[in-house]
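*Asks:* Here's a sequence, model it:
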Amino acid sequence: MATSSSEMQSPVMAMPTMDREAFLKMAKYPLVKHSDMVEEVRLEAVEMVITAIEKHGTNYELGARNIKDIMDKKFGGPWHCVIGEYFAFHITHEVKTFLYMFASGCHAIILWKG
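*Replies:* Here you go, the predicted structure:
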C-alpha cells in the first residue's frame, strides 16, 4: 500500500525558533558542563567567573588572571584558568578542583588546581 507524500512524516523535526533577544537572555545564565568541586567552592568559583566576565568582557587574559589570583588567595594555589571561545583541552588536575563551564553564551571557562 503506497502512501502519498502528504501523509509521510518528515524524519527531521522542526526546531522551535527563538529570536536573538530571547537567546541572549537565556545564554546569560551560567552553564556548568562538568565539575568535581565541592558545592560551596563551585558556587563561589562560578560567581567569581561571572564577575570577571562582566568586568573584563572579551579581555580573556585579564579575566583569567583575576580569577586565578582570587582562587590562589582564597583556596591556596596554584590555580589555573582559561577563558576563550573555540578551544579544546586535556589537563591533569587535583581531585575536587575542576570546573568547566560557559558564561554569557560563548565564553568557555576551565578552572582547575594542579
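*Asks:* what helix or strand does the closest residue to Ala64 other than its chain neighbours sit in?
*Replies:* Distances taken as C-beta to C-beta, 6 or more residues apart in numbering put Cys81 closest to Ala64, at 4.2 Å, once the chain neighbours are dropped. Glycine gets a C-beta too; all of them are placed from N, C-alpha and C. Using DSSP states H and E, Cys81 sits within strand 79-84.
*Asks:* and if you look at Glu61?
*Replies:* Here Glu61, judged by DSSP H and E, is contained in helix 60-75.
*Asks:* which secondary structure elements does that helix contact?
*Replies:* helix 39-56, strand 79-84, strand 107-113 (3 or more C-beta pairs under 8 Å, 6 or more residues apart in numbering; DSSP states H and E).
*Asks:* Mind putting the ones you listed into a markdown table with distance to Val32 and mean pLDDT?
*Replies:* Formatted as a markdown table, the helices and strands packed on helix 60-75 follow (distance: least, C-beta to C-beta, whole Å; pLDDT from 0 to 100):
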| stretch | distance to Val32 | mean pLDDT |
| --- | --- | --- |
| helix 39-56 | 7 | 95 |
| strand 79-84 | 15 | 96 |
| strand 107-113 | 10 | 95 |
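*Asks:* Would you tell me which one of those is buried the most?
*Replies:* Highest mean neighbour count among these (mean count of other C-beta atoms under 10 Å): strand 107-113, with a mean of 22.
*Asks:* ok now that strand, how far from the chain's centre?
*Replies:* Per C-alpha atoms, centre = their mean, to the nearest Å, the displacement of strand 107-113 from the mean C-alpha position of its chain is 8 Å.
*Asks:* I'd like to know how far the spatially closest residue to Phe87 that is not a sequence neighbour sits from Ala88.
*Replies:* What sits nearest to Phe87 in space, not counting adjacent residues and going by C-beta to C-beta, 6+ apart, is Ala108, at 6.7 Å. As judged by C-beta to C-beta, to the nearest Å, Ala108 and Ala88 stand 10 Å apart.
*Asks:* Flag the shaky bits of the protein, pLDDT-wise.
*Replies:* Low-confidence segments of the chain (pLDDT under 70): 1-18, 23-28.
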